[in-house]
Every structure is written in C-alpha cells, then in structure tokens.
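1. Just need the structure, nothing else, for what follows:
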Amino acid sequence: QPLGVIASLGGQTAINLAEPLMKRGVTIIGTDVAAIEKAENRDSFEHIMTQLGIPQPKGQAVTNIEAGVKAAAEIGYPVLVRPSYVLGGRGMEVVYDPENLTKYMDAAVGVTPDRPILIDRFLHHATECEADAISDGENVFVPAVMEHIELAGIHSGDSACILPSRNLTKDQVETIRDYTSRIAKEMHVVGLMNMQYAIEDGEVYVLEANPRASRTVPLVSKVCNIKMVKLATDIMTSYLTGRPSPVPALKEKKIPHYGVKMPVFPFKMFPEVDPVLGPEMRSTGEVLGMSTSVGEAIYKAQEATQTRLPSSGTVLLSVNDKDKIELIEVARGFYECGFTLMGTGRTCDVMVAAGLPAEKVCKINEGRPNILDKITNGEVAIIINTPNDKKGRGDDSYIRKAAVKAKIPYFTNMAAAKATVQALRSIKKNGHLEVKSLQEFHSEIQ
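-> As a prediction, the model looks like this:
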C-alpha cells in the first residue's frame, strides 16, 4: 500500500496534479494542496502579501476582455499578461496597447473564474532575482540568493543567473531572505519552495511563489554544497521516520566562488524561429560554470552551451533606441578586448560620436554589401542585436536567424552583452581557465 505521493519534486505538472490526486484519496506528502492553492491562486496570494506587508507589482486577475482592458488602463501600459496555472510561462506576453490586449484575451482558451488571465504592471529596468528555500513549515533556510543577468521581462528559465548574487546590496539580500522565510511559514510550505523577485528603484517586489522544487535546485546544491532534495525528502517523511527536522541546524556559509547558470536553446533545430527572448520560456536545458571570478564562470558556462566565445574578430552591433544608453559601455568593452566594431545606421553613428572606430554596414534593404553578406562571408565573430517592442520585433529577425544558422554567438539584450564583455576581459587578463573539481570548490566554503 503506497503511503502517498510527493507532488513538489515534479515541476508545475506535478503541482497541477496534486488536487485531483487528493480528490481520489491519495495522500499528498509534504506541501499540501491548501498551501499550493495559496501560492497559485492570485487572490489568495495577494491577500497573504497584503497581510505580511510585502510589496507586489500592481496587478489584477480578469476573466473577460472588458475587464482586461479596464484593468490594463488602470495599471498602465506596458503590462505583463499570462494565464494562471501554466508551465514555463506559456502564453505570457508583454502587451503595449489595448488593441493587442484585446487580441490576446480573444485568443485565450480555458479562461474561467478559477483560472483567470493575470495582468501585472511591467517593471521597467528591474533586476530579477530568485531564492530557493528549504522549509519544515516553521523553520526556513535560504542557501543563497540568485541574481539574474537579464533584466525582468525575460523568463527565469531563459535567464542566465549568478549565485550567490554579486550586485545586490546586503540589505536587499536580507530583505529577500526575510520575505522568503515569512512567506514559506505563512503558507506552511513543507519541503522546497522557489521565490521570484524583482528590484526596481531599490525596492524588492515579490513576483511569484512556487511551492515546489525549481530547476535551480541542482545548481544551488552544487554551488553551495547542500543536498537540498535529500533534506527536503527527510523533512517530508519525518512523520514516518520520527527524525527531527534538519532545518534548524542549517547555517549560512561564506561561499568564496560563483556559479553561473546559462540556458541552452534549441534554435539551431528550428532555423525559421526568431531566437529573441521574452517572458515565455524557450530553453530546453541549462549548464553551470563555476569559478572564483564571475567573468570566468560566465565564460565557462557559455562554453558549456557549445557556443565558445571567440578571442578576436568583428562585433556587429545593431541595438534599439532605448538600449543606446548602454551601447558605448558595451562597444568600448569589446574594443578594449581587441575586437573591431561594426554597426548599423544610428548604432554606428553613436559609436563613432563617442570616439570609437566603427565600420557602418547596410541593413538588408539598404544596399550591398549588407549584414547578411558580412555574416555569410565569415566577417562577423559576435552579434549584439536588441529588438524593438513587439510591433517592430520582426524587423531585424533575419539578423538573429542568420546568426543561428552561421553558429555565431549572438545576444539579444544588453545585460547579456555586458556579461559577455566581462567574460572576455577575465580570460584576456588571466590567459587561461581555472580548473577545479567540485570537491575543491566545496572544501573552500566556510
């Protein structure tokens, strides 16, 4: 006779199965259906956040087009829209106007009062971060806070991330630990929980709580030398074994190295798909690079995705207007690493005006030789191409598709471009990669 089912180690699919299993008389071991409902149900979760005094981005749950348009107008465009109870951010979009919101709502399927469409304020230029926690319902331990390299708006599964965090302040890290602990206790999470946060203008906002193991649990376990799944299983089965909870004995440790998670994408198998990233998850796996240097960890992770960064050549840059604020920093970084610069239209003009030697290249409709000619002739080593909003996103898709076909490293946001410069600088400075076993990294943790 089976004792029950652990529903928190199988991702979103297992969480969605918890309630129908319970209704069929199956015992749910660990985090129960009531706790899952508190996290997954928008109204319940908002009520808990209000009770705890923890800020969330302004948002509403709606079930029809009229309510959706009204809610978005009150929140202010752009808004992030998504179905509830979905896997991998499926169906999630950033919407910029009422017309596209109406199209989205009209195409949505399975919307009911129990499963509404969620409309949230889209946080501009916010740093996204997350925390995996181990909880016994009364005691909570957070091994490390992870900081995403890509800004909020890219699905967490598609974001590269650094752990432990590097750029968050001590107060921000402590706030995230405090919020995570209070939320896990209030929802009575037993086992593992993943929390998503965004920091905008110094304020930490809660994005969502996942009362289950996340895809980052193996990474946190390796970087922090903690057996998270074993500990969680011990907690969930403690009523059977009679052993006390291991959580009170867990202590925060100083981790003298960094782990960088990098997603792996299937775009080379789908050459007609635009490889630009957004709120809907598109990665099919991930890798981990570890080093005492963040830059070197980024380089190792990038290499593990089978996209080795070149040490020289030409960097092609074509970025949208809002990203031109960060263009000079990125372009100068590549130039100082020994790369030559090539840019389209205004991107090239901005680089030249800043005193950087850059060659102007034609877009596909501006004459020959153009970008595609340069890529086809093997004259481009790295591509930085950031798309406009959804309306203009398809304009440069041919550049990104050509990069995939030619197996050229490409980056579609400035945060990833900056991380690439950091990796190249680290390798240029050290001249070689640090090689250590996992055991050596673990032995240095204090």
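
2. which element is Arg177 on?
-> In this assignment (DSSP states H and E), Arg177 forms part of helix 170-187.

3. name the helices or strands packed onto that helix?
-> helix 33-40, helix 42-52, strand 127-136, strand 140-141, strand 145-151, strand 190-200, strand 203-210 (3 or more Cβ pairs under 8 Å, 6 or more residues apart in numbering; DSSP states H and E). For the C-beta atoms, the positions are set from N, CA and C on the backbone; glycine is no exception.

4. Pull out the buried positions in the last one.
-> Read that as strand 203-210. Neighbour counts using 16 or more other Cβ atoms under 10 Å place 204-210 of strand 203-210 among the buried residues.

5. which residues of the stretch 1-150 of the chain score low on pLDDT?
-> The stretch 1-150 of the chain contains residues with pLDDT under 70 at 1, 84-91, 109-114.

6. so what's Arg332 scoring on pLDDT?
-> For Arg332, the pLDDT comes out at 97.

7. before we move on, back to that, show me what counts as buried in the helix holding Arg177.
-> Taking 16+ other Cβ under 10 Å as the criterion, helix 170-187 shows 172-173, 175-177, 179-187 as buried.

8. still on that earlier bit, out of the helices and strands packed on helix 170-187, which comes closest to Leu118?
-> Proximity to Leu118 (Cβ to Cβ) singles out helix 42-52 among the helices and strands packed on helix 170-187, at 5.8 Å.

9. who does the closest one touch, helix- and strand-wise?
-> The criterion is 3+ Cβ pairs under 8 Å, 6+ apart, and the helices and strands that helix 42-52 contacts are helix 33-40, strand 59-62, helix 170-187, strand 203-210.

10. can I get these in TSV with distance to Ile371?
-> Formatted as TSV, the entries for the helices and strands packed on helix 42-52 read as follows, by distance: least, Cβ to Cβ, whole Å:
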stretch	distance to Ile371
helix 33-40	45
strand 59-62	39
helix 170-187	40
strand 203-210	36
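
11. For Pro256, find the nearest of those.
-> The closest approach between Pro256 and any of the helices and strands packed on helix 42-52, judged by Cβ to Cβ, belongs to helix 170-187 at 16.4 Å.

12. And the contacts of the closest one?
-> Contacts made with helix 170-187 from outside it, assessed by Cβ atoms under 8 Å, 6 or more residues apart in numbering, are listed as 35, 38-39, 48-49, 51-52, 54, 129, 131, 133, 135, 137-138, 140, 142, 145, 165, 168, 193, 195, 197, 199, 202, 204, 206, 209, 211.

13. Check the offset of that helix from the chain's centre.
-> Here the centre of helix 170-187 is set off from its chain's centre by 19 Å, with Cα atoms, centre = their mean, to the nearest Å.

14. In PDB, please show the C-alpha coordinates belonging to it.
-> Included here for helix 170-187 are C-alpha records, laid out as PDB according to Å, rounded to 0.1, in the frame of the first residue of the first chain:
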ATOM      1  CA  LYS A 170      23.400  43.400   1.800                       C
ATOM      2  CA  ASP A 171      20.100  44.900   2.700                       C
ATOM      3  CA  GLN A 172      18.400  43.700  -0.500                       C
ATOM      4  CA  VAL A 173      19.700  40.100   0.100                       C
ATOM      5  CA  GLU A 174      18.500  40.200   3.700                       C
ATOM      6  CA  THR A 175      15.100  41.500   2.600                       C
ATOM      7  CA  ILE A 176      14.800  38.600   0.100                       C
ATOM      8  CA  ARG A 177      15.700  36.100   2.800                       C
ATOM      9  CA  ASP A 178      13.200  37.700   5.200                       C
ATOM     10  CA  TYR A 179      10.400  37.800   2.700                       C
ATOM     11  CA  THR A 180      11.100  34.200   1.600                       C
ATOM     12  CA  SER A 181      11.100  32.900   5.200                       C
ATOM     13  CA  ARG A 182       7.900  34.800   6.200                       C
ATOM     14  CA  ILE A 183       6.000  33.600   3.000                       C
ATOM     15  CA  ALA A 184       7.100  30.000   3.500                       C
ATOM     16  CA  LYS A 185       5.900  30.000   7.100                       C
ATOM     17  CA  GLU A 186       2.600  31.700   6.300                       C
ATOM     18  CA  MET A 187       1.800  29.200   3.500                       C
END
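
15. quick one: that helix to strand 127-136, angle?
-> Put simply, helix 170-187 runs at 40 degrees to strand 127-136, going by axes from the mean of the first three to the mean of the last three Cα atoms, to 10 degrees.

16. picking up where we left off before, can you list the buried residues of strand 203-210 in CSV and add pLDDT and distance to Phe441?
-> Listed next are these as CSV, based on pLDDT from 0 to 100; distance: Cβ to Cβ, whole Å:
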residue, pLDDT, distance to Phe441
Val204, 95, 29
Tyr205, 94, 32
Val206, 94, 31
Leu207, 89, 30
Glu208, 88, 31
Ala209, 92, 30
Asn210, 91, 27
